[in-house]
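Novice: sequence? don't have it. structure:
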């Protein structure tokens, strides 16, 4: 018998208009796309049913500090999921997570699932264990765990849970984890746009969209056969479009729930939304490591002469020893970047903890954890090395410049006229 309170599933169900308003409420949260906001809402609707699902998808809400992750989790996701859920944070140990769930097939909502330098080695290792437990919880065949108690007794747990994690950076690595989590990123917005988002959110809440959130769960339960029927249709239609099985398993129940509450019969509309997003991201997707470096290289800074130049332009000039690099090298160094000779290898040194680098990344969600991301970059030479930058010894990450140049800079395609233009702008 579960110790958790289960919702009362008697009562009115949501109207079609209330469901459409709920969809618009989630769309107003400034996720990277409508597809992502739909995934967050759809997950919140199916999470209470995780024990009925043979495959349980997970979501990871992520974005820069101050963009509303915790607000969305506390004020939108948790109310839609309902009372029958396990809450906590990244501070929960893996063992306590399993023992707390017991054999309840209830959703898990954990915020602050962060890996960073401020935590102990054990604390960071615990995060990876939580992520691995979530991975195993997706499937009935792997959602079992045996733990020994302090008294020597042995307990077997069957944790069939669907997870929502929140953090600045998602801690996902490898196909096995990536295929189970839908990463739901929030845009980095100026303060004025963020205020507008909260104003729109308040207006929807005042309309009563979140009054008695059980009406949405009751609507799905009262149409449970239709829900599973649409889920299977989604899998078939996504398969026809070339979507791999694991992704269709994740997305089918999420979008089936949306169709049920919005009383939609247009499955093709949702299939096209999914397929369009998947293949657009597949062709344009960058790894986080690439996104961090690209953001840094694309950043504009002001020279001593009050000209505006990109970091990439400075790097192209500074790598040429014959082009009086001292002035430009100092400018790069003030922004936490330096060319550095490491045992005869030309490296790009990037300061591990730099307010200047954070400023360059201000419009991304990598501000706080760029160090951890860059340590995964394939051009990594050394995770930590002391380098003299602007007269101070700083701990830096060393990247192989030759590999960086080959991947991000098409130097061979730059004509002499273009190179002269770059030089004139920088000089």
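Specialist: Happy to help now that I have it. Remember, predicted model here, so these are calculated numbers, not experimental data.
Novice: Show me what secondary structure element comes after whichever strand or helix holds residue 71.
Specialist: Using DSSP states H and E, residue 71 sits within helix 69-72. Next helix or strand after helix 69-72 toward the C-terminus (DSSP H and E): helix 78-81.
Novice: Return the list of helices and strands in contact with that next one.
Specialist: If contacts are counted by 3 or more Cβ pairs under 8 Å, 6 or more residues apart in numbering; DSSP states H and E, helix 78-81 sits against helix 34-46. For every residue, glycine as well, the C-beta is placed using N, CA and C.
Novice: Tell me how far the helix it packs on lies from the chain's centre.
Specialist: 14 Å (Cα atoms, centre = their mean, to the nearest Å).
Novice: Let me know the average pLDDT across it.
Specialist: Across helix 34-46, pLDDT averages out at 94.
Novice: So what touches that helix?
Specialist: Contact with helix 34-46 is made by 22-23, 26-27, 29, 31, 53, 57-59, 61, 72, 76-77, 80-81, 162, 164, 182, 184-185, 216-217, 220, 251, 253-258, 261, 273-274, 276-277, as judged by Cβ atoms under 8 Å, 6 or more residues apart in numbering.
Novice: hang on, the earlier thing: go through the helix holding residue 71 and flag the buried ones.
Specialist: For helix 69-72, the neighbour count (16 or more other Cβ atoms under 10 Å) marks 69, 72 as buried.
Novice: cool, stretch 195-208 as well?
Specialist: 197, 200, 201, 204.
Novice: just to revisit the earlier point, give the rounded mean pLDDT of the helix holding residue 71.
Specialist: 93.
Novice: And for it, what's in contact with it?
Specialist: So helix 69-72 is contacted by 29, 40, 61, 62, 63, 111, 166, 167, 168, 186 (Cβ under 8 Å, 6+ apart).
Novice: residue ranges of the strands in this protein, please?
Specialist: 58-62, 86-89, 108-111, 144-148, 154-158, 163-167, 181-185, 300-302, 308-310, 337-342, 345-351, 380-389, 392-400 (DSSP state E).
Novice: want to throw these into TSV with distance to residue 373, mean pLDDT and mean neighbour count?
Specialist: Listed next are the strands of the chain as TSV, based on distance: least, Cβ to Cβ, whole Å; pLDDT from 0 to 100; neighbours: other Cβ atoms under 10 Å:
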stretch	distance to residue 373	mean pLDDT	mean neighbour count
strand 58-62	12	93	25
strand 86-89	22	76	16
strand 108-111	20	91	24
strand 144-148	30	58	13
strand 154-158	33	65	12
strand 163-167	13	91	27
strand 181-185	14	90	21
strand 300-302	21	82	13
strand 308-310	21	81	16
strand 337-342	16	93	18
strand 345-351	11	95	22
strand 380-389	11	94	16
strand 392-400	10	95	18
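Novice: Let's have those strands in JSON lines, adding distance to residue 18.
Specialist: Shown next, in JSON lines, are the strands of the chain (distance: least, Cβ to Cβ, whole Å):
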{"stretch": "strand 58-62", "distance to residue 18": "23"}
{"stretch": "strand 86-89", "distance to residue 18": "26"}
{"stretch": "strand 108-111", "distance to residue 18": "23"}
{"stretch": "strand 144-148", "distance to residue 18": "39"}
{"stretch": "strand 154-158", "distance to residue 18": "35"}
{"stretch": "strand 163-167", "distance to residue 18": "22"}
{"stretch": "strand 181-185", "distance to residue 18": "23"}
{"stretch": "strand 300-302", "distance to residue 18": "46"}
{"stretch": "strand 308-310", "distance to residue 18": "49"}
{"stretch": "strand 337-342", "distance to residue 18": "52"}
{"stretch": "strand 345-351", "distance to residue 18": "50"}
{"stretch": "strand 380-389", "distance to residue 18": "51"}
{"stretch": "strand 392-400", "distance to residue 18": "50"}
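Novice: Which one, of the ones you listed, ends up nearest to residue 95?
Specialist: strand 144-148 (6.1 Å; Cβ to Cβ).
Novice: quick one: the helices in the stretch 151-300 of the chain?
Specialist: 175-178, 191-206, 214-222, 224-240, 245-261, 267-284, 288-298 (DSSP state H, counting those that start in this stretch).
Novice: highest average neighbour count across the ones you listed?
Specialist: helix 245-261 (a mean of 23; mean count of other Cβ atoms under 10 Å).
Novice: Compute the inter-axis angle for that helix and strand 181-185.
Specialist: When axes from the mean of the first three to the mean of the last three Cα atoms, to 10 degrees is applied, the directions of helix 245-261 and strand 181-185 differ by 60 degrees.
Novice: picking that back up, out of the buried residues of stretch 195-208, which is nearest to residue 290?
Specialist: residue 197 (28.2 Å).
Novice: so who does the closest one touch?
Specialist: Neighbours of residue 197 in contact, by Cβ under 8 Å, 6+ apart: 28, 29, 30, 68, 189.
Novice: Run a quick neighbour tally on residue 265.
Specialist: 9 (other Cβ atoms under 10 Å).
Novice: An error on my part: the question was meant for residue 20.
Specialist: 16.
Novice: With neighbour count and distance to residue 15 added, can I get the contacts of residue 197 in a markdown table?
Specialist: Output for the contacts of residue 197, formatted as a markdown table (neighbours: other Cβ atoms under 10 Å; distance: Cβ to Cβ, whole Å):
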| residue | neighbour count | distance to residue 15 |
| --- | --- | --- |
| 28 | 17 | 20 |
| 29 | 25 | 22 |
| 30 | 20 | 26 |
| 68 | 21 | 27 |
| 189 | 18 | 31 |
